[in-house]
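Peer 1: Quick one, what's the 3D model for this:
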Amino acid sequence: MVMNFFKEAILEPPARWVRFRRSIELLPKKKLVLLDLGRGPGGELGLVLGDRLKKYIAIDSLFVVGRVPKHWQVIKRTLIKKIPLPAESVDAVVSIAFIEHVDHPREIMVEAVRVLKP
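Peer 2: Prediction:
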């Protein structure tokens, strides 16, 4: 019998930190309405950005439901082709290690542009 000692690849935690740091550096330095596509079960980016966010919108089918800050909107669903938000409703879109997991990446990218404010 082979035992699984790790739930994720051993280099994933430091790689995740590098991706988060880079994402944070690229975001505008103002209070944001941020859409996080494929955020995973923990919402770490929303927690790290905390007071820099006016609103944090997270979409992921893997979200673990629990208590979230008041300025969070969590949409627990799989994205097929449409982001369930109005046009021009967010300041920034972040998608870390997500787009390669969707069936229709082109449609999701078009949708990401649609929901961005000009």
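
Peer 1: Tell me which helix or strand the spatially most central residue of the chain sits in.
Peer 2: The structure's the chain has its C-alpha centroid closest to D36; by Cα atoms, centre = their mean the separation is 2.5 Å. In this structure, D36 sits in strand 32-37 according to DSSP states H and E.

Peer 1: now for that strand, which elements pack on it?
Peer 2: For strand 32-37, the packing partners by 3 or more Cβ pairs under 8 Å, 6 or more residues apart in numbering; DSSP states H and E come out as helix 44-49, strand 53-59, strand 92-95, helix 105-115. Glycine gets a C-beta too; all of them are placed from N, C-alpha and C.

Peer 1: CA atoms of it as PDB?
Peer 2: Listed next in PDB are the C-alpha coordinates belonging to strand 32-37 (Å, rounded to 0.1, in the frame of the first residue of the first chain):
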ATOM      1  CA  LEU A  32     -10.600  47.900  -5.300                       C
ATOM      2  CA  VAL A  33     -13.600  45.800  -6.400                       C
ATOM      3  CA  LEU A  34     -11.600  42.700  -7.100                       C
ATOM      4  CA  LEU A  35     -12.800  39.600  -9.000                       C
ATOM      5  CA  ASP A  36     -10.800  36.400  -8.200                       C
ATOM      6  CA  LEU A  37     -11.500  33.600 -10.700                       C
END
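
Peer 1: and the angle for that strand with strand 53-59?
Peer 2: Counting by axes from the mean of the first three to the mean of the last three Cα atoms, to 10 degrees, strand 32-37 points 10 degrees away from the direction of strand 53-59.
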